[in-house]
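K.L.:
test case, fold it:
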Amino acid sequence: MYTQRNQDDYMLFLGRTASGLGLLGALIAILLGFLQNFSGVAIFFLALLLFYIGMTSFWGMYNLNQWFKKYRSRLPEPLWQLARIPVIFLGFLLGILLYGIFHQFVLLLALDDGSGKPGVLASLILLLPFIGPRFANYIDYSPYGRQKRG
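P.N.:
So this is what the prediction gives:
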C-alpha cells in the first residue's frame, strides 16, 4: 500500500512497534497476575504499568540509539558495541520518564488524513500492530492525505 522509504510510513511502523511492545507488556502482566493469583484490580493496574513501560521505553531506547549511531565511525567497533549497552539502558530510563509517552502522543496527534483528524479512537486503532493496517484500509486512511480519484 505504501512505499517503504517514506518517513510517514516509517513513523507509523515505529508507532505500531511501540504499541505492540506495550501490548506484549500488558499480556505478560496479565499472565503473571493470573499465575500469582492477584486480584482483578491488581492485574489491571499491573497491565497498565507494563503497557506503559513497554511502549515508552521503546521510544527512549530507539531515539537515544539513533543519536548514538553518529559516533559509530569515530569509535572502534568493539568499543562502540560495548558503549551501546549503557546508552540503551539510559534510553530505557528516559523513555519511562515521560519522554516516550510524549513521543507516542505526538504521533497520535499527527495522524491527519488531510480532511481532519480520524478521531482519537480511530488513531489509537491505527497504531495497533496487526489491526492498524487493516483498519487503515477499511476507513481509507492514508498518511499522505486524500488523493483525488477520477
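K.L.:
for the protein, which spans come out with low pLDDT?
P.N.:
1-5, 112-117, 143-150 (pLDDT under 70).
K.L.:
so the residue most central in space within it is in which element?
P.N.:
In the chain, the residue lying closest to the centroid (C-alpha atoms, centre = their mean) is Ala18, at 2.0 Å. Following DSSP states H and E, one finds Ala18 within helix 7-35.
K.L.:
that helix: which residues count as buried?
P.N.:
Within helix 7-35, the residues scored as buried using 16 or more other C-beta atoms under 10 Å are 11-12, 14-23, 25-26, 29-30, 33. From N, CA and C alone the C-beta is placed, and that goes for glycine too.
K.L.:
quick one: Gly95 from Tyr52, how far?
P.N.:
Going from Gly95 to Tyr52 by C-beta to C-beta, to the nearest Å gives 10 Å.
K.L.:
the two: which is more packed in?
P.N.:
Each of Gly95 and Tyr52 has its neighbours counted (other C-beta atoms under 10 Å); Gly95 has more, 28 against 18.
K.L.:
tell me the SS of that one?
P.N.:
Secondary structure for Gly95, judged by DSSP: H, G, I helix; E, B strand; the rest coil, is helix.
K.L.:
helix, strand, or coil at the nearest residue to it once chain neighbours are set aside?
P.N.:
Of all residues not flanking Gly95 in the chain, Gly60 sits nearest, at 2.2 Å (C-beta to C-beta, 6 or more residues apart in numbering). The three-state label given to Gly60 by three-state DSSP is helix.
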